[in-house]
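K.L.:
got a predicted model here, sequence first, then my questions.
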Amino acid sequence: MAARVWLVITILCVPYVVSLHFSTDCDENSDWNFRAVGKHVKTWLNSFQIGPNETSKFDSISIFEHGQVEFVGKIDAEGFADGPFWVAGGYDLQSNFSNGYFYGDLDQNGQLSGNDIVFLYPDMKTALWGIFINGTMISAKEAVIVAQRCFDGVKRLRLSLSPNDEDFHFGRPNHMRFNFNPTQTDPYERKRVNVRETNDRGQGLFAKSRIEPGDVVAYYAGLIFDSKTHEMFSPNMTQSQVDEIHRMLIVLEGDLEMNLPRPYWELAQYRATLGHKVNHSFHQTNAEFIMSYHPRFGWIRALRATKRVSRGQEILVDYGYPIDDEQSPAWYLEAYHRYQDSCAKS
């Protein structure tokens, strides 16, 4: 039995629009289009325009405050889901695509559950396709969106499985274990970045193709712990011990922090995500850390481009350690003072 649409869940925020009229660039049905698929999908998701207070063309729709589509789909005359729904992975004020989108038919409880659910990465081309239960990935394969079309105002997708037959599943890390395969590489990152040696900073993260401002560049998942209950620093630590802890440590949210301990610093032991390989810069930054949803790990950190990055260019970010914190790495404080001196002289 088809799902009643009013059971569709709100992901993060209470929507402010539910039943206004919307117009998009998908108002007319179209044939399958196999070119620039990701671009066309993004254009459609960005094209929703609020019009006069009339009956909604889409029957079931929620829009985040700044205009991002939270979920959209069609219902039939009896109030049941009619065709696939699009559901945002989460809310992001800066970009409509940083958290990806789910795509698929709703089950009898109005949830994204079944054997044919898709998670689309931020490029709207790379996907994980398989079994999900209420949006949680149970078992999925890497896929690519090969075609899209407009049908009843909603984008329909055609997918093709990747030759890579690896199985992906959700596993939320904690302070003791990853709960996922640390050497299984990410399909999206494989297309975007690689790790290479730099001239003076050890390994670094480099763009494999041109990256536009606002694009997600890479992800950073690691062991997650509560800093209140799992204190990593102690007063009797040496500066080198403090620096070692800081090497891969990043604040996740609130008191939650994320880290990769020494055994996982090398790619041979850990390559599930590559964001931890990004180097620091005060003045050449082209990326920033953001919160991002990932179907394998849940809410983690990601790198988002702040300016255009050319193919082969190194990704650089300001680590943003507190300058007045004694537990900040010594190298960072020294680099900061050198940077301040150079700014004063220029």
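P.N.:
Nice, thanks for sending it over. Residues are numbered from 1 along each chain as shown.

K.L.:
what bits of the chain have low per-residue confidence?
P.N.:
Where the chain drops to pLDDT under 70, the residues are 1-23, 49-59, 65-66, 325-327, 346.

K.L.:
show me it divided up by domain.
P.N.:
5-168, 187-345 (automatic domain parsing).

K.L.:
need those domains in JSON lines (columns: distance to residue 177).
P.N.:
No exception for glycine: its C-beta is placed from N, CA and C like everyone else's. Formatted as JSON lines, those follow (distance: least, C-beta to C-beta, whole Å):
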{"stretch": "domain 5-168", "distance to residue 177": "18"}
{"stretch": "domain 187-345", "distance to residue 177": "8"}
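
K.L.:
now these as CSV including mean neighbour count and distance to residue 178?
P.N.:
Below are the domains of the chain laid out as CSV (neighbours: other C-beta atoms under 10 Å; distance: least, C-beta to C-beta, whole Å):
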stretch, mean neighbour count, distance to residue 178
domain 5-168, 18, 14
domain 187-345, 16, 7
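
K.L.:
which of these sits closest to residue 174?
P.N.:
Counting by C-beta to C-beta, residue 174 lies closest to domain 187-345 out of these; the figure is 6.0 Å.

K.L.:
would you map the helices across the stretch 151-300 of the chain?
P.N.:
Remark: helices assigned in the stretch 151-300 of the chain by DSSP state H, counting those that start in this stretch are 187-192, 239-246.

K.L.:
by contact count, what packs against the longest one?
P.N.:
The reference is to helix 239-246. Under the contact criterion of 3 or more C-beta pairs under 8 Å, 6 or more residues apart in numbering; DSSP states H and E, helix 239-246 touches helix 330-345.

K.L.:
so how far is the helix it packs on from its chain's centroid?
P.N.:
Taking C-alpha atoms, centre = their mean, to the nearest Å, one finds the center of helix 330-345 at 33 Å from the center of the full chain.

K.L.:
with distance to residue 144 added, can I get the helices of the stretch 151-300 of the chain in CSV?
P.N.:
Output for these, formatted as CSV (distance: least, C-beta to C-beta, whole Å):
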stretch, distance to residue 144
helix 187-192, 9
helix 239-246, 38
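
K.L.:
residue 271: which of those is closest?
P.N.:
Nearest to residue 271, of all the helices of the stretch 151-300 of the chain, is helix 187-192, at 8.8 Å by C-beta to C-beta.

K.L.:
so what does the closest one touch, helix or strand wise?
P.N.:
Packed next to helix 187-192, using 3+ C-beta pairs under 8 Å, 6+ apart, are strand 126-133, strand 216-220.

K.L.:
may I have the strands that pair with the shortest one, each with its orientation?
P.N.:
Paired with strand 216-220 in the same sheet, following DSSP bridges, are strand 298-305 (antiparallel).

K.L.:
show residues contacting the strand it pairs with.
P.N.:
Around strand 298-305, the neighbours that count as contacts under C-beta atoms under 8 Å, 6 or more residues apart in numbering are 90, 94-95, 98, 170, 172, 205, 211-221, 250, 252-253, 258, 273, 275, 278, 286-294, 315, 317.
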